[in-house]
Every structure is written in C-alpha cells, then in structure tokens.
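Novice: the following comprises the amino acid sequence and a computationally predicted model.
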Amino acid sequence: MRIGILTCGSEEENNRLAEAAKERGHEAKLLHLLKCSISVCREKPEIFYDGKSIGGEFDVIIPRIDTPQTQYGYTILRQFQSMHVFVSDKARSLELGRDKLRCAQRMLKYNVPFPTTGFAHSKEDFDNIINMAGGVPLIIKLVEGTEGVGVFLADDQKHAINLLKTFKQLDVPLIVQEFIEESAGTDIRAFVVGGKVVAAMQRVSSDDDFRANIALGGKSEVLELTEQEKEISLKAVKAIGINVAGVDLIRSEKGPLVIEINTSPNFGGKWGLEDVSGVDVAGEIIEYAVDAKKKNDEEKKSKRLLKNAA
C-alpha cells in the first residue's frame, strides 16, 4: 500500500513509521504539513504537496499532527477525508484529544475515571473552582499542551489565582485539576493501537518535578498493566473515538485515573516506549492502519453489493 505520514517535522517516530512500512512491503512518504495546500471545490478538489497534486497518490494517511501547526494539520487531514482517502484517525478525534477540557467531558460521558477538573471564565469564579478541585496544592493546565509543557503546580491559593488571572489576561484558557499527591513525579503511559494496549511503561521524574515526562528528563521502565488499567485505557480512547494514542494514567488511592490522552504520542528515543519495552510500536501502527484500510474496503464492497442486489 501507499502510505502517507502527515507530520509537522522529521521526528524519530515518523522515520520509524516509514521504516516499518517499507519493512512490510509498503511505500511510505513523510508529508510535512506546511508543504501541503488544498483546493476546496466540487468540480475538482485537490491536495497539493510542493505544488504537485497528491490527492489520489495514497491509500492510507497516518496523522502525526502536533503543535504548533495543529489547526492547519486538521484542515489538511479533513481534506483527505473529504476526498475519501482512508485515514487511520479522523480530525475530529484528534481535536477532542488535544483539547483537555473537551476530552474530560467526553471521558465523563463514558464513565472514565480522571482527577476532578474545573473551568471558569469569570475571575469571580476562580476561588470556587479551586475549592471544587480539592483546594491547593492543585494542577493548572493549558487546555492545549503536550510533553508536560503548560502544566503548573500551584502551591497556595494566591499562586493559583495569580496564574489563572495572568493567563486570562492573555486570553489563554486554563483548567484546574485535583493534585494527586501520592502519584507526584510518577505516571504510566499505555500505548493503544486499534483497540488494544500494545505496550506500557512507567515514567518517573529524575528530580523533584511533579511531572514525569521523558521530554522533561524523566526516566522510564517497562510495566505490566493491571486488567483495570487496561480497561480504563481502552475506555478512554473509545470516549474520543481515537485509534492510536498514548493514555497517561496515575495510580491513586481512588484507583487508576486518566490524566491525559496524547493523540500524537512519542514512542522512540532513549527511555522511549520502544527502547524500554522492546515492542515494535511503529510496526503495530502500520499493521493496524493497513488492516483497517482493508476492512474498510471490504465493508464498502459489501454495501455496494447489497445496494445492487436490492
């Protein structure tokens, strides 16, 4: 199959996906978002790459859309969808996962456990949402952010209010979230591909940072999830309808809690998931995307046959 990897750059994960595709006999090409342009018209819709039409060039598109070109990436991905090119994950699911507040609301609907979360527009409500989240210390997060960037620990009420007011003045939306003290500096990454957890690891901060992200210097080790943690991870991705994602959990006195769903999860590099688990995560993604494309084609064929027989 001809596979396009829609990306913001040439990160190690993208190259690993291309390698894994070629190892399995497929063609693969990295498509940088900013080199893409589109023509939205009924007569002849098009997607261009470096000025060349590529709308009919690919069988499968695997999105690896990260900041800062998020919205432009979703626009290009939606164009592929509109032109009936199979995508391993749809723009709507990626958008839901990237927006931490909308993601929490979806998890609430699907009864996925997560830390108590608050959001307010008015400064007069800041004290209320802080108290609702259990008071200080508490976590304050940008609604959009990855790799631990834009995540703050407010130690006291004054610090929390100051952060909220500062970002409100900059018109940047924030959420507050209950601080789970017993899990500070430690979390779990469960990597889900096509409705199954293919690998998992525990990440631990290498200093006193309450965040355990590898990008911030954390270390990791392979981990066997409990059946409950696997079930919660699968419910979380189902809540937003995503097929490839990293589900970040913490172990609390109340049980496992989901703290984030990463829609463009890293898995390469030192201390990365492939490194510590030995699992060919890139291969799992490629195999899922190809199998899902074949299944999609078979379903379309069956529908056409039923329609013709009617």
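Specialist: Looks like it came in fine.

Novice: any weak-confidence spans in the protein?
Specialist: Residue ranges of the chain with pLDDT under 70: 10, 67, 145-149, 207-218, 310.

Novice: let's see that with 80 instead.
Specialist: The chain contains residues with pLDDT under 80 at 9-11, 66-68, 144-150, 205-219, 269-271, 306-307, 309-310.

Novice: and the helices in the stretch 101-250 of the chain?
Specialist: 126-132, 157-169, 227-240 (DSSP state H, counting those that start in this stretch).

Novice: could you dump those to a markdown table with distance to K295?
Specialist: Any C-beta I mention is one placed from the backbone N, CA and C, and that applies to glycine too. Formatted as a markdown table, the helices of the stretch 101-250 of the chain follow (distance: least, Cβ to Cβ, whole Å):
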| stretch | distance to K295 |
| --- | --- |
| helix 126-132 | 44 |
| helix 157-169 | 44 |
| helix 227-240 | 18 |
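
Novice: nearest to R102, out of these?
Specialist: R102 sits nearest to helix 227-240 of all those, at 8.4 Å, using Cβ to Cβ.

Novice: CA atoms only: put the closest one into CSV for me.
Specialist: Extracted C-alpha coordinates of helix 227-240, given in CSV (Å, rounded to 0.1, in the frame of the first residue of the first chain):
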residue,chain,number,x,y,z
GLU,A,227,-6.6,-5.5,33.9
GLN,A,228,-8.4,-2.5,35.4
GLU,A,229,-5.8,-0.1,33.9
LYS,A,230,-6.1,-1.8,30.5
GLU,A,231,-9.8,-1.5,30.6
ILE,A,232,-9.7,2.2,31.6
SER,A,233,-7.2,2.9,28.8
LEU,A,234,-9.4,1.4,26.2
LYS,A,235,-12.5,3.2,27.6
ALA,A,236,-10.6,6.5,27.4
VAL,A,237,-9.7,6.1,23.7
LYS,A,238,-13.2,4.9,22.9
ALA,A,239,-14.6,8.1,24.6
ILE,A,240,-13.0,10.3,21.9
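
Novice: picking up where we left off before, out of the helices of the stretch 101-250 of the chain, flag the one nearest G51.
Specialist: Closest to G51 of those is helix 227-240 (Cβ to Cβ; 34.7 Å).

Novice: show me the protein divided up by domain.
Specialist: Taking automatic domain parsing as the reference, the chain has its domains at 2-87+287-301, 116-179, 182-279.

Novice: can you say which of the ones you listed is packed in most?
Specialist: domain 182-279 (a mean of 19; mean count of other Cβ atoms under 10 Å).

Novice: endpoints of that domain, how far apart?
Specialist: 29 Å (Cα to Cα, to the nearest Å).

Novice: hmm, back to that, out of the helices of the stretch 101-250 of the chain, flag the one nearest E43.
Specialist: Closest among the helices of the stretch 101-250 of the chain, once you apply Cβ to Cβ, is helix 227-240, at 34.5 Å.

Novice: distance of the residue nearest to G134 when sequence neighbours are not counted from S233?
Specialist: Counting by Cβ to Cβ, 6 or more residues apart in numbering, the nearest residue to G134 once its immediate chain neighbours are dropped is E178, at 4.7 Å. Separation of E178 from S233 (Cβ to Cβ, to the nearest Å) stands at 20 Å.
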